[in-house]
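Enquirer: curious how this folds, go ahead:
(chains A and B)
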Amino acid sequence: MTQFWEFPGGIHPAENKQQSTQRPIRRAGLPGQLVIPLQQHIGQPSQALVKVGDRVQKGDKLAEVSSGLGVPVHAPTSGFVEAISLQPVPHPSGMQDWCITLRPDGEDEWKHRHPIADYRSLERDQVLGVIREAGISGLGGAGFPTNVKLRPPRDRKVSTLILNGAECEPYITADDMTMREKAAEVVAGMKVMAWLLRPERCVIAIEDNKPEAIDAINTAIQGTQIELAVIPTKYPSGGEKQLIHILTGMEVPSGGIPADIGVMCQNIGTAVAVAQAVFEDKPLISRVVTITGNGVTEPGNFEALIGTPMSFLLEQAGLDTNRTNRLVLGGPMMGYTLTSTAVPVVKTSNCVIAATDTELPAPPPEQPCIRCGECALACPMELLPQQLFWHAKAGEFEKAEHLNLFDCIECGACSYVCPSSIPLVQYYRHAKDEIRVQRAEQEKADRARERFEARQERLEREKQEKEQRRKERAKAAAATQARKKAEAEQAVPAKSADNDERAAKAALVQQALARKKAKTEASNSSNTGDTPAAEPEPDIDALEKQLAQAQAKLRNMEGMLNEARAKEADNVDKLERAVAKNHDRVKRAEEALTEVRQRIARQTESHSTD
Amino acid sequence: MSFVQQSSPHARQARSTSQVMLWVIIATLPGLLALTLFFGWGNLINVIWCVAVALASEAAILRLRNKPVMFFLRDNTAALTGLLLGLSLPQFTPWWVSATAVISAIVVAKQLYGGLGSNPFNPAMVGYALVLISFPVAMTTNWAQPAMLWDGAPGFAETLAAIASGQQTVIDGWTMATPLDEYKHKISSFTSSEVLEHPAFGDGIALGWEWVNAAFLAGGLVLIALRVITWHIPVSFLAAMAFMSLAFGSNADEYAPLPLHLLAGATMFGAFFIATDPVSAATSHQGKLIYGAGIGVLVYIIRTWGNYPDAVAFSVLLMNFAVPFIDHYTPPRTYGHHKPRRGVPSKGRG
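Expert: Residues are numbered from 1 along each chain as shown, chains lettered A, B, ... in the order given. Just a heads-up that it's a prediction; the model follows:
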């Protein structure tokens, strides 16, 4: 029997999975238009290969990544390219991104396909190429290009391949239904991955609250060496790091990847996509999406083409807009809210919850932290959430970072259990963002300083070279003068030897004087050159620091103001005054900085021109 | 159509701070019942009076501080502070002494430090220590003698009159020293068996007190079962105290024996209800173990070699001082790290 290791923390939220498992996966069908974002994966956005008005066939490549990390995007059906424009895409910020709008012609006509009968007869690189060409990126959430993941660094041997069917988030059943209905494809996809990686152990992990999926997979793996691990239901056991811990007892080093300890996790949907790419030459043009929540009358799972508007799916599930209070993309623990139903299904969309107010109620007002430690008990990463919260709230980001803030996986378990209903995860996200911004600014400042220092060095060098030349000239001039004098003296006849000697001495003295003069001049000019140039440097640093501080404060104040406005708090006008004051401060700091910079520029200029 | 915008997680568990506090309040009820049964109406009257004063002073200071009064009163923390004081003060404490304790707990120890969650010291114990030092006579001579409520304890009206009159209780038939105090002072001149003849000890370990401690223990176990508190602080507290007692006081003719330490004073109440106050206790599991053990050691030291009889209050307050230090050096090891990062972050990088 397989041994399991229990990870610390974790919670047991209400599962809410039965609503969407009542019906089999439904085909969503063809919507009026498909909006296909050019970037659906981590890495570089892909560039469109088609023009407006082009006709494409199902499975044709619409866009490709020419350099860098990324995978192509394909036409989910045959039709005409209607537009290449900025459209709303699924993103927590509600942002817009470049998308290809495809108007289906209803024929659903496939491109010419070349299925591979026996992938084992090919080179591994060729199969990886097939997977890349099929546009497969992880279907679990992050969307990392699968072919890259399947090619771990040479020095990292993957000894355990895990197929993650835990699906620990409440509500989501896309993987569950996929395993029930496409168990054979899941196993086939895993076999391809296993052939590529040659691991010693292949595991499909499923939480024990999915008996049907367990049965289906159990049947499908008969006769293979794939192992089925039925793990206890606990959130977030489907988190990559947690799942690895459960199955192997090992921990992914902080800042590392699973391959560092010889493990790789792949999603159930990804396995199906790999199987379809290899055996049917079918690129990733559709996926299973769970539409659920009390805001829809017929919750369930849909096989939807990539680019299908969410509204099209929600309509088929019987969306009641009057009852629906919140639209969550993803699960209730880690998903984000959508501003509208206009966004399309992308490769990473696994679930939409149309929740009513009673189902996922707004959190009660935040109370002070009483340090009860519930969050620390729930944290699967063994962080100190409450300490992180204190530091994040106080703006002590360094201390938060020191307490391993960046190891937080933002699973939300701490917020879930917090009796004071403090939005802990939001504080961590904010702190992480702040630290990232600070780092970027620090880098920028470092680069600016380096540039400044290099320039100073160059100017100094040029000045010295000039001085050197001047000295040589002066020396030469003195020498000529002395020679001339000597000649003139020689020209005066009948001078005594004494006189001669005296003249020679005088010439020497004169030369020495000239040398000395040149030297003092040189040292003077280098002195006057050095001191002011050296002095303003710390000045600039200080001013830059001041400016950065003032800017940070201004940002902070603005953030607080926005928040206060959103909450209609009574300190809005106070904050407004504070923001205005900080605006002034930033301006003053900027002015001071430019002034000093200009002064330096003038000084160096005047030195270099004299 | 517009939808609510919100950050994850979207689901949350139902238990709020006020519910947590309510559970603690409920868990003290067996102890309160036992106190009432064995020592008369005193504690019950104290509790009601203290809770009333606590709510009133909390409301007043919240108003002064311009904070939403009902929002904070509903979190049940002020009521809990009052309740804990009512349970720990002597049964016949004059009303103004208990009021002083409660007001200094709520106003000074809690609200002047920033209110709920910001107090570095356990408010109830600050109030207790304050009146103990300020009114030592009132605080040491008003302990009821163990007498069943139905058999010999002063009646409700009599008790109320004693508390309300504010007079020092001088009726010897009602009051006496607590068993631990008695033992400590007598053992230097008598043998263990002679000391134990005092009526405070009864036939068992300490008449009445053993039941009170058992009741608080039961309430505390309920809190652990409900995951309101963790086992770390109570267990390390009791274990450290037991260790000290066995190591230094195994001779019953010299020092109070272990059962007396465990069951004759405020031990169980302190271990499960006072030391576990989350706001002023250590955070991590390791930190809680150190914190609890520190209290256990200090309780034994103060009880055995100290002059004041009320060791729990002082021990808890002393360990409250140490909490920031303990927290600093007991971070847990995070997943994927070899060892925890201890100490202060380096200021190296700008």
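
Enquirer: residue in the stretch 101-250 of chain B nearest to chain A?
Expert: In the stretch 101-250 of chain B, the residue that lies nearest chain A is B:Gly117 (3.5 Å; C-beta to the nearest C-beta). In short, each C-beta sits where N, CA and C put it, glycine included.

Enquirer: find the nearest non-adjacent residue to that residue, please.
Expert: A:Pro368 (3.5 Å; C-beta to C-beta, 6 or more residues apart in numbering or on different chains).

Enquirer: quick one: stretch A:296-304 near chain B?
Expert: No: on the criterion C-beta under 8 Å from any C-beta of the partner chain, stretch A:296-304 is out of touch with chain B, staying 13.6 Å away.

Enquirer: that stretch spans what distance, first to last residue?
Expert: 17 Å (C-alpha to C-alpha, to the nearest Å).

Enquirer: avg pLDDT for that stretch?
Expert: Throughout stretch A:296-304, pLDDT has a mean value of 93.

Enquirer: show residues contacting it.
Expert: Identification of contacts with stretch A:296-304 by C-beta atoms under 8 Å, 6 or more residues apart in numbering or on different chains yields A:19-28, A:173-174, A:177, A:286-293, A:312-314, A:316-320, A:324, A:345, A:354.

Enquirer: now it, how far from the centre of its chain.
Expert: Between the centre of stretch A:296-304 and the centre of its chain there are 31 Å (C-alpha atoms, centre = their mean, to the nearest Å).

Enquirer: up against chain B, what does the stretch 51-200 of chain A have?
Expert: A:Pro170.

Enquirer: and the gap between A:Gln598 and B:His261?
Expert: 77 Å (C-beta to C-beta, to the nearest Å).

Enquirer: for B:Pro324, phi and psi?
Expert: Backbone torsions of B:Pro324, given as degrees, to the nearest 10, read phi -60, psi -40.

Enquirer: if we can go back for a sec, have a look at A:Gln598 and B:His261 and say which one is more surrounded.
Expert: Set A:Gln598 next to B:His261 and count neighbours by other C-beta atoms under 10 Å in any protein chain shown: B:His261 wins out with 26 against 10.

Enquirer: and A:Gly238, what does it touch?
Expert: A:164, A:166-169, A:207.

Enquirer: part of a helix, is it?
Expert: No: assignment of A:Gly238 by DSSP: H, G, I helix; E, B strand; the rest coil gives coil, placing it outside any helix.

Enquirer: what's the closest non-adjacent residue to the residue nearest to the spatial centre of chain B?
Expert: Ranked by distance to the mean C-alpha position of chain B (C-alpha atoms, centre = their mean), the top residue is B:Ile274 at 3.2 Å. Among residues not flanking B:Ile274 along the chain, B:Val316 sits closest, at 5.6 Å (C-beta to C-beta, 6+ apart).

Enquirer: excluding covalently adjacent residues, which one is nearest to residue 46?
Expert: Looking at chain A here, since you left the chain open. Leaving aside its chain neighbours, A:Ser46 sits nearest to A:Ala63 (4.0 Å; criterion: C-beta to C-beta, 6+ apart).

Enquirer: the chain in question should be chain B.
Expert: Nearest residue to B:Asn46 in three dimensions, chain neighbours excluded: B:Gly86, at 4.0 Å (C-beta to C-beta, 6+ apart).

Enquirer: repeat that for B:Leu298.
Expert: B:Ser315 (3.6 Å).

Enquirer: I figured that neighbour hits B:Ile302, correct?
Expert: Yes: under the criterion of C-beta atoms under 8 Å, B:Ser315 makes contact with B:Ile302 at 6.2 Å.

Enquirer: quick revisit: and the contacts of stretch A:296-304, which are buried?
Expert: Burial by neighbour count, 16 or more other C-beta atoms under 10 Å in any protein chain shown: within these this picks out A:19-21, A:25-26, A:28, A:173-174, A:177, A:286-293, A:312-314, A:316-317, A:319, A:324, A:345, A:354.

Enquirer: among these, which are in strands?
Expert: Secondary structure from DSSP state E places A:26, A:286-292, A:324, A:354 of the buried ones among the contacts of stretch A:296-304 in strands.

Enquirer: can you show me the helices along the stretch 151-300 of chain A?
Expert: A:174-181, A:183-197, A:211-220, A:240-248, A:268-280 (DSSP state H, counting those that start in this stretch).

Enquirer: now the longest one: how far from the chain's centre is it?
Expert: Centroid separation between helix A:183-197 and its chain, computed with C-alpha atoms, centre = their mean, is 29 Å.

Enquirer: contacts for that helix?
Expert: A:119-120, A:124, A:127-128, A:150-152, A:158, A:161, A:163, A:165, A:178-179, A:202, A:204, A:213, A:216-217, A:219-221, A:224, A:226, A:264, A:266, A:268, A:270-276, A:278-279.

Enquirer: same check on the last one?
Expert: Around helix A:268-280, the neighbours that count as contacts under C-beta under 8 Å, 6+ apart are A:113, A:115-116, A:119, A:127, A:130-131, A:133-134, A:136, A:138-140, A:146, A:163-165, A:167, A:174-175, A:178-179, A:182, A:185-190, A:192-193, A:282-284, A:287-288, A:350.

Enquirer: buried only: go through these for me.
Expert: Counted by 16+ other C-beta under 10 Å, these give A:116, A:119, A:127, A:130-131, A:133-134, A:136, A:138-140, A:146, A:163-165, A:167, A:174-175, A:178-179, A:182, A:185-190, A:192-193, A:282-284, A:287-288, A:350 as buried.

Enquirer: and the closest residue to A:Ala400 other than its chain neighbours, what does it touch?
Expert: Nearest residue to A:Ala400, sequence neighbours excluded (C-beta to C-beta, 6+ apart): A:His391, at 4.0 Å. Contacts for A:His391 (C-beta under 8 Å, 6+ apart) come out as A:397, A:399-400, A:403, A:431.

Enquirer: let's see if you can find the most crowded of those.
Expert: A:Ala400 (28 neighbours).

Enquirer: ok, A:Leu122 to A:Leu102 distance?
Expert: Remark: distance between A:Leu122 and A:Leu102 (C-beta to C-beta) = 31 Å.

Enquirer: right, and the helix or strand after the strand or helix carrying B:Ile26?
Expert: Here B:Ile26 sits within helix B:17-39, counting by DSSP states H and E. Per DSSP H and E, the first helix or strand lying C-terminal to helix B:17-39 is helix B:42-64.

Enquirer: how far off centre is stretch B:256-276?
Expert: Centroid displacement of stretch B:256-276 relative to its chain, using C-alpha atoms, centre = their mean, is 10 Å.

Enquirer: actually stretch A:253-265, not the one I wrote
Expert: 19 Å.

Enquirer: before we move on, what about stretch A:544-562?
Expert: 24 Å.

Enquirer: same question for that stretch, mean pLDDT?
Expert: 84.

Enquirer: and if you look at stretch A:468-479?
Expert: 93.

Enquirer: list the buried residues of that stretch.
Expert: Those would be A:474, A:478, for stretch A:468-479 by 16+ other C-beta under 10 Å.

Enquirer: can you read off the pLDDT for the nearest residue in space to A:Thr341 that is not next to it in sequence?
Expert: Nearest residue to A:Thr341, sequence neighbours excluded (C-beta to C-beta, 6+ apart): A:Ser311, at 3.8 Å. Model confidence at A:Ser311, given as pLDDT, is 93.

Enquirer: so A:Ser311 makes contact with A:Ala342?
Expert: Yes: with contact defined as C-beta under 8 Å, A:Ser311 reaches A:Ala342; the gap is 6.4 Å.

Enquirer: the more surrounded of the two?
Expert: Between A:Ser311 and A:Ala342, counted using other C-beta under 10 Å, the more crowded position is A:Ser311 (16 against 13).
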